[in-house]
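Enquirer: need coordinates for the below:
(chains A, B, C and D)
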Number of protein chains: 2
Amino acid sequence: MGKAEAKTGEQNGKSRPPARDPAITDVAQLAGVSHQTVSRVLNDHPHVRPQTRLRVQAAMTELGYRPNHTARALVTGRSQVIGVVAQNTTLFGPASLLTAFEQSASEAGFAVAVASVRALDRRSIAEAVDRHLRQRVAGVVVIAPVASAGEALDHMPTDLPLVCIDGDPQRTNPLVTVDQSAGASLATQHLLDAGHSTVWHVSGPDDWFDSVGRIAGWRAALERAGIDPPPVLSADWSPAAGYRVGQLLARMPDVTAVFAANDHLALGILKALREFGRLVPQDVSIVGFDDIPEAAYFVPPLTTIRPDFDAVARAALSVLLHQISSGEVSGERETIAPVLVPRDSVAAPRTA
Amino acid sequence: MGKAEAKTGEQNGKSRPPARDPAITDVAQLAGVSHQTVSRVLNDHPHVRPQTRLRVQAAMTELGYRPNHTARALVTGRSQVIGVVAQNTTLFGPASLLTAFEQSASEAGFAVAVASVRALDRRSIAEAVDRHLRQRVAGVVVIAPVASAGEALDHMPTDLPLVCIDGDPQRTNPLVTVDQSAGASLATQHLLDAGHSTVWHVSGPDDWFDSVGRIAGWRAALERAGIDPPPVLSADWSPAAGYRVGQLLARMPDVTAVFAANDHLALGILKALREFGRLVPQDVSIVGFDDIPEAAYFVPPLTTIRPDFDAVARAALSVLLHQISSGEVSGERETIAPVLVPRDSVAAPRTA
DNA sequence: TGAGAGAGTGTTCACGTTCACAACTGCGCA
DNA sequence: TGCGCAGTTGTGAACGTGAACACTCTCTCA
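Expert: I've put the predicted structure just below:
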């Protein structure tokens, strides 16, 4: 402990009043080597004698040395930080994504900086990315589920490693996304398989790609079965919106099967149906999307589609790391297939 | 656009092969001033002629200059980044906290780096803080709801600005927390006011301060009413645990009022009660804690306690910023009072 | 014996910024 | 006229690290 102090001042009268964090040079001095040798030990370079390495490591622990990533980033030009831009990380999906991404990133030796934006308009996104760029992040992940967010990406530096999650499938940016369409087809087909003659869909906001993809998958499944899709009921992602739409659905006696674009909507729909005396699944079957932790405890437990957020996060990181290390910004894209989780909200219609 | 290119190479033959980000010196050269003057413009120093300032600003936009916070951090010693250490940001509470904190921080000009840890043991926390320290963050927020996390803080550098959220009330660290005890009292009193002769409590994990605080508040409310508290039923925070405990509660006919330590537990309990044919609120009244977005759509809509996560986040930031600017690590602490949200899960007992 | 290779180490510079200080300007006043 | 002061600008160093390069050994092989 006190040895560090003792060492100070042996060189000259240059006192060191504000106790600085120990730097590589302090370690070097204590170990009796040059700072470059310490640097080599830090970066696991070969060509350092084991004995020297040990002496340096001992000096590091004695001083409580902590590498200064700031300085390293300055000289190498790139930091070991990945910037994430996201909107509402309060929801289960984005929150899971963020956590999973952070886990993977930290295992790969990267720190994660978050910039949440209030709205996903072009300006907000651009500003958030700019904040990251000032910190000289090594790459950026944009969780960009709406079209306006995509536009912002047109004006990004072209050499910036970048991945979108849930972004515009039409764009050329590297993209990792849950296969919305496949999930929706799975849900719809599951209801058809139960014997329903058609399936209604309550969708999320129109400008979300998630919504668009789920609508497409639902429609495709119906058309494959030769069924003319009923009109889409659009809503936002909230239980309240589901409740409102549910009040409509409950009044239509020929509605026996509903695919809700997420579990929150399904929750609201369930409430509306219950209040109208329509039983689930006896009168109406429902499938949701997301598999939030509460879904198994809904009344009845909700059959739903479970996206693998972990896999999405891992894929996004791997695409990004590849860009960072190779230096070339590819147009790679990856799609993660979700899975059906059957529970108790689906049954055969009364009059099959 | 092209002007920047044209400018290049006028000095000497030193070609600039890898197109660097423009630096302060490039701006200076273009504006015909010294780099120091550009720095002054950046930092809003007085004593710059308005005309000069304009010329510099014009040069900045022309080059698309972006300040390098990395370099700035190196020379000033501290970055404009705040590190957050958290465990499971998938849950509604922590996720809300994190988002709210990020919003406030970015308004104050700070970026936020997240390090999530798998477990809240001493080692994991210390390691996460260390990662932040390597990035030379200006301060650290630890969301440390369990005792083992607190211990890690004993070995932190003493001059590090630090705030705990939901940490150990016994410790001297600066702490911002929801008033767990007051919330629990509110819930318990609400049930007593409805006419119940006692209130049972399903608690969270024993090592969480949240659990401890809520137990204390519940117990205090009962004792104020001269009631001997029934045994605590402990669980974790999941609906599954609530369901398990609910199966016990459902079998006890004299249980008419339950305060669940969070909404997820309440959800599981509701399911168990329903399966045993005990009606809520007619047979059993329930109050939860957290007010998750789903709570209003439970069956029945859940009466619960709403903590103000925004206020917690703002308070934590303000405590931290105060430490950062003043340079002294204070023992400040702040407690945010939660609020009761009455819905339909509470009624008078059948035999009042 | 000498050349060459390669391990092990040190020296110097650069990264982009801020800070301390010096220097220049123009003005008011004696 | 000269002095001092305040406003405005520039110069040089420093922050902690990694890269490029140079140097000293030791060993191998012709």
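Enquirer: please make it C-alpha for all contacts and neighbour counts, starting now.
Expert: Noted.
Enquirer: what sits against A:Thr99?
Expert: B:Asn88, B:Thr89, B:Thr90, B:Ser116 (C-alpha atoms under 8 Å, 6 or more residues apart in numbering or on different chains).
Enquirer: adding neighbour count, pLDDT and distance to A:Thr188, write the residues you listed out as CSV.
Expert: Shown next, in CSV, are the contacts of A:Thr99 (neighbours: other C-alpha atoms under 10 Å in any protein chain shown; pLDDT from 0 to 100; distance: C-alpha to C-alpha, whole Å):
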residue, neighbour count, pLDDT, distance to A:Thr188
B:Asn88, 19, 76, 33
B:Thr89, 24, 73, 32
B:Thr90, 22, 81, 28
B:Ser116, 25, 89, 37
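Enquirer: spatially speaking, which residue is in the middle of chain A?
Expert: The residue lying closest to the centre of chain A (C-alpha atoms, centre = their mean) is A:Leu97, at 3.2 Å.
Enquirer: show me the contacts for that residue.
Expert: A:Leu97 neighbours (C-alpha under 8 Å, 6+ apart): A:Phe309, A:Asp310, A:Val312, A:Ala313.
Enquirer: now render those as JSON lines, adding distance to DNA strand C and secondary structure.
Expert: Listed next are those as JSON lines, based on distance: C-alpha to the nearest atom of the strand, whole Å; DSSP: H, G, I helix; E, B strand; the rest coil:
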{"residue": "A:Phe309", "distance to DNA strand C": "37", "secondary structure": "helix"}
{"residue": "A:Asp310", "distance to DNA strand C": "36", "secondary structure": "helix"}
{"residue": "A:Val312", "distance to DNA strand C": "34", "secondary structure": "helix"}
{"residue": "A:Ala313", "distance to DNA strand C": "31", "secondary structure": "helix"}
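Enquirer: ok, and which of the contacts of A:Thr99 reach DNA strand C?
Expert: Among those, none lies close to DNA strand C by the criterion of C-alpha under 7 Å from any atom of the strand.
Enquirer: show me where chain A has its strands.
Expert: A:81-86, A:111-116, A:139-143, A:162-165, A:175-178, A:200-203, A:233-234, A:257-260, A:285-287, A:304-306, A:333-336, A:339-341 (DSSP state E).
Enquirer: out of these, nearest to DNA strand D?
Expert: Set against DNA strand D and scored by C-alpha to the nearest atom of the strand, these come closest in strand A:81-86, at 14.6 Å.
Enquirer: from memory A:Tyr297 sits against B:Gly242, does it?
Expert: No - if you go by C-alpha atoms under 8 Å, A:Tyr297 and B:Gly242 don't touch, sitting 10.3 Å apart.
Enquirer: so these two - more neighbours on which side?
Expert: B:Gly242 (30 against 20; other C-alpha atoms under 10 Å in any protein chain shown).
Enquirer: now the stretch 101-250 of chain A against DNA strand C: closest residue?
Expert: Taking C-alpha to the nearest atom of the strand, the stretch 101-250 of chain A has A:Arg134 as its residue nearest DNA strand C, at 8.6 Å.
Enquirer: number of nearby residues for the closest residue to A:Ile227 other than its chain neighbours?
Expert: Leaving aside its chain neighbours, A:Ile227 sits nearest to A:Thr198 (6.9 Å; criterion: C-alpha to C-alpha, 6 or more residues apart in numbering or on different chains). A:Thr198 has 21 neighbours, counted by other C-alpha under 10 Å.
Enquirer: any idea how far stretch A:218-228 is from the chain center?
Expert: 31 Å (C-alpha atoms, centre = their mean, to the nearest Å).
Enquirer: show me where the stretch 1-150 of chain A has helices.
Expert: Using DSSP state H, counting those that start in this stretch, the helices assigned to the stretch 1-150 of chain A run over residues A:3-7, A:24-31, A:35-42, A:50-63, A:69-76, A:92-107, A:122-134, A:147-152.
Enquirer: pull the CA atoms of the fifth one into CSV?
Expert: Extracted as CSV, the C-alpha positions of helix A:69-76 are listed here (Å, rounded to 0.1, in the frame of the first residue of the first chain):
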residue,chain,number,x,y,z
HIS,A,69,-9.5,3.1,-22.1
THR,A,70,-9.9,6.8,-22.9
ALA,A,71,-6.3,7.2,-23.7
ARG,A,72,-6.2,4.0,-25.6
ALA,A,73,-9.2,5.0,-27.7
LEU,A,74,-7.5,8.3,-28.5
VAL,A,75,-4.4,6.7,-29.9
THR,A,76,-6.0,3.8,-31.6
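Enquirer: tell me what it is packed against?
Expert: helix B:69-76 (3 or more C-alpha pairs under 8 Å, 6 or more residues apart in numbering or on different chains; DSSP states H and E).
Enquirer: could you tell me the angle between the helix it packs on and strand B:81-86?
Expert: Put simply, helix B:69-76 runs at 100 degrees to strand B:81-86, going by axes from the mean of the first three to the mean of the last three C-alpha atoms, to 10 degrees.
Enquirer: related to what we said a few turns ago, from the contacts of A:Thr99, pick the one nearest DNA strand C.
Expert: Distances from DNA strand C to the contacts of A:Thr99, taken as C-alpha to the nearest atom of the strand, are shortest for B:Ser116 (29.8 Å).
Enquirer: how about the contacts made by the closest one?
Expert: By C-alpha under 8 Å, 6+ apart, the contact list for B:Ser116 reads A:Thr99, A:Glu102, A:Gln103, B:Val85, B:Ala86, B:Gln87, B:Asn88, B:Thr89, B:Ala128.
Enquirer: run through the bridge partners of it.
Expert: Counting by DSSP bridges, B:Ser116 is bridged to B:Ala86.
Enquirer: give me the residue from the stretch 51-200 of chain A nearest DNA strand C.
Expert: Using C-alpha to the nearest atom of the strand, A:Val75 is the residue of the stretch 51-200 of chain A that sits closest to DNA strand C, at 3.3 Å.
Enquirer: and for that residue, the neighbour number?
Expert: Neighbour tally, A:Val75, other C-alpha under 10 Å: 12.
Enquirer: could you do the one 10 residues further on as well?
Expert: Each residue near A:Val85 was counted by other C-alpha under 10 Å, and the total is 23.
Enquirer: what's the pLDDT at it?
Expert: With respect to pLDDT, A:Val85 scores 94.
Enquirer: hmm, A:Gly139 and it touching each other?
Expert: No - A:Val85 is not in contact with A:Gly139 according to C-alpha under 8 Å; the separation is 11.0 Å.
Enquirer: counting neighbours, what do you get for the residue of the stretch 1-150 of chain A found nearest chain B?
Expert: At 4.0 Å from chain B, A:Ala113 is the closest residue in the stretch 1-150 of chain A, using C-alpha to the nearest C-alpha. When neighbours are defined as other C-alpha under 10 Å, A:Ala113 has 26 of them.
Enquirer: let me see the contact set for the closest residue to it other than its chain neighbours.
Expert: Distance criterion C-alpha to C-alpha, 6+ apart; nearest residue to A:Ala113, sequence neighbours excluded, is B:Ala113 at 4.0 Å. Contacts for B:Ala113 (C-alpha under 8 Å, 6+ apart) come out as A:Ala111, A:Val112, A:Ala113, A:Val114, B:Val81, B:Ile82, B:Gly83, B:Val84, B:His132.
Enquirer: could I get the pLDDT score of the first one?
Expert: Which is A:Ala111. 95.
Enquirer: do the same with the fourth one
Expert: In this model, A:Val114 is scored at 94, pLDDT.
Enquirer: isn't it up against A:Val84?
Expert: Yes - using C-alpha under 8 Å, A:Val114 and A:Val84 qualify as a contacting pair, with a distance of 4.9 Å.
Enquirer: contact residues of the stretch 51-200 of chain A facing DNA strand C?
Expert: Near DNA strand C, when you scan the stretch 51-200 of chain A using C-alpha under 7 Å from any atom of the strand, you find A:Thr52, A:Arg53, A:Ala71, A:Leu74, A:Val75, A:Gly77.
Enquirer: ok, the residue in the stretch 251-352 of chain A that DNA strand C sits nearest to - contacts?
Expert: The minimum distance from the stretch 251-352 of chain A to DNA strand C, using C-alpha to the nearest atom of the strand, falls at A:Gly327 (17.4 Å). By C-alpha under 8 Å, 6+ apart, A:Gly327 lies in contact with A:Asp159, A:Pro161.
Enquirer: perfect, that will be all.
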